[in-house]
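Enquirer: quick one, fold the following:
(one chain, ligands or ions: 1)
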Amino acid sequence: MLEDVRAAVVAIRRVTDFVPKVALTLGSGLGNFADHIRVETEISYRDIPGFPISTAPGHDGRFIFGYLGEVPVVCMKGRVHLYEGYPVEKVVMPVRTMHALGAQILFLTNAAGGIKESYHAGTLALVTDHISDFVPNPLIGPNDNEEGVRFPDMTNVYDKELQKVIQKAAKDNGIGLDTGVYVQLSGPSFETPAEIRMIRAIGGDIAGMSTVVEAITARHCGMRVCCVSLISNLAAGISPHPLSSEEVSAAGEAAEPVFTKLVTASIEAMKEIA
Ligand code: HPA
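Expert: Presented below is the predicted three-dimensional model:
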């Protein structure tokens, strides 16, 4: 295990022996989701040595350990992004830490720009695949063979069985759920209309500034991964007005009840998954 991850785990284990099954990462404006967790312990990132601290709006920085239904979860309230200036290995350090604490499933969420024609602001989209080529790969550098293989397969990053669980939870709760291919860009500037046309041309449906580096890391260490994006806005050139982080946060707040229901129902149903 990497030295900094080992040190983080030691610091966390001094506070709690909680073993999560699902690790949940909350996106912009979705931070209030944590209110729905039956909390056991909270740990601020500031109390974990070497841990990256989020500076993004709406990204409080702490781990929340607790239960959704019967399922033990660790929730990242606040994540760090490449655009904050952290090297990619720091951005993904929380994923490796949650895995080292016992989490077998990584449930990623994010707010992102929508490109696919069926989307509107407020659409929830199940991520079925991604394009990583615009951001540094988190696995560049020496490989830790105990953590994972040098050349991990990326054919099925987003676990088919977990996708079915989320689709069933959406159906059972009357929640509309589209699908899409997520493309991570570095940010922090939003895309230009020409960049969005390029992303559409190469097969992308969703443009965002997170998620893919975390998903690659989780697959590397053998976690099962799933992701739901909130389309907080139509992407540049499709939206009739300029984009802003206020719009992204407002869309997060507006979608909170339905998003909460979908994520809660999905994770509760993950108790059946080995
Ligand atoms: N582009 C990239 N990231 C985003 C967007 C967007 O339009 N909206 C929210 N996050």
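Enquirer: so where do the helices sit in the stretch 151-274 of the chain?
Expert: 160-172, 193-201, 212-220, 245-269 (DSSP state H, counting those that start in this stretch).
Enquirer: out of the ones you listed, which one sits most buried?
Expert: helix 212-220 (a mean of 25; mean count of other C-beta atoms under 10 Å). (Glycine included, C-beta is placed from N, CA and C.)
Enquirer: ok, how many other residues are close to N145?
Expert: N145: 8 surrounding residues under other C-beta atoms under 10 Å.
Enquirer: Y182 too?
Expert: When counting by other C-beta under 10 Å, one arrives at 27 neighbours for Y182.
Enquirer: swap in H36?
Expert: 15.
Enquirer: could you dump the helices of the stretch 151-274 of the chain to JSON lines with distance to H120 and mean pLDDT?
Expert: What follows is the helices of the stretch 151-274 of the chain, written out as JSON lines (distance: least, C-beta to C-beta, whole Å; pLDDT from 0 to 100):
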{"stretch": "helix 160-172", "distance to H120": "16", "mean pLDDT": "97"}
{"stretch": "helix 193-201", "distance to H120": "16", "mean pLDDT": "98"}
{"stretch": "helix 212-220", "distance to H120": "24", "mean pLDDT": "98"}
{"stretch": "helix 245-269", "distance to H120": "10", "mean pLDDT": "90"}
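Enquirer: where does the stretch 1-150 of the chain get nearest to the ligand, which residue?
Expert: The stretch 1-150 of the chain approaches the ligand most closely through G113 (2.2 Å), counting by C-beta to the nearest ligand atom.
Enquirer: check contacts around that residue.
Expert: Neighbouring residues of G113 by C-beta atoms under 8 Å, 6 or more residues apart in numbering: 190-191, 196, 206-208, 231-236, 239, 243.
Enquirer: and what of I175?
Expert: Listed by C-beta under 8 Å, 6+ apart, the contact set of I175 reads 124, 169, 258, 261-262.
Enquirer: at 6 Å what do you get?
Expert: Counting by C-beta atoms under 6 Å, 6 or more residues apart in numbering, I175 touches 258, 262.
Enquirer: same question for the one 5 residues further on.
Expert: Taking C-beta under 6 Å, 6+ apart as the contact definition, G180 lies against 116, 125, 205-206.
Enquirer: mind showing which ranges of the stretch 51-200 of the chain have poor pLDDT?
Expert: Applying pLDDT under 70 to the stretch 51-200 of the chain flags the ranges 56-60.
Enquirer: interface residues of it facing the ligand?
Expert: Neighbours of the ligand within the stretch 51-200 of the chain, by C-beta under 6 Å from any ligand atom: 111-113, 190-191.
Enquirer: quick one on the thing from earlier: assign the residue of the stretch 1-150 of the chain closest to the ligand to helix, strand or coil.
Expert: Here G113 is recorded as strand under DSSP: H, G, I helix; E, B strand; the rest coil.
Enquirer: just the strands in the stretch 101-250 of the chain please.
Expert: Per DSSP state E, counting those that start in this stretch, the stretch 101-250 of the chain carries strands over the ranges 105-114, 124-131, 178-184, 206-208, 224-234.
Enquirer: so, in contact with the ligand or not, the shortest one?
Expert: Yes: with C-beta under 6 Å from any ligand atom as the measure, strand 206-208 is seen reaching the ligand through 207-208.
Enquirer: other residues contacting that strand?
Expert: Residues from elsewhere that reach strand 206-208 (C-beta under 6 Å, 6+ apart): 110, 112-113, 180, 182-183, 191, 199, 229, 235.
Enquirer: got TSV for the residues you listed, with distance to M270 too?
Expert: Listed next are these as TSV, based on distance: C-beta to C-beta, whole Å:
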residue	distance to M270
N110	19
A112	23
G113	28
G180	22
Y182	21
V183	26
E191	33
I199	31
S229	19
A235	31
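Enquirer: what's the closest non-adjacent residue to the residue nearest to the spatial centre of the chain?
Expert: A centroid search over the chain (C-alpha atoms, centre = their mean) returns L108, at 2.7 Å, as the residue closest to the centre. Spatial nearest neighbour of L108, excluding adjacent residues (C-beta to C-beta, 6 or more residues apart in numbering): C227 at 4.1 Å.
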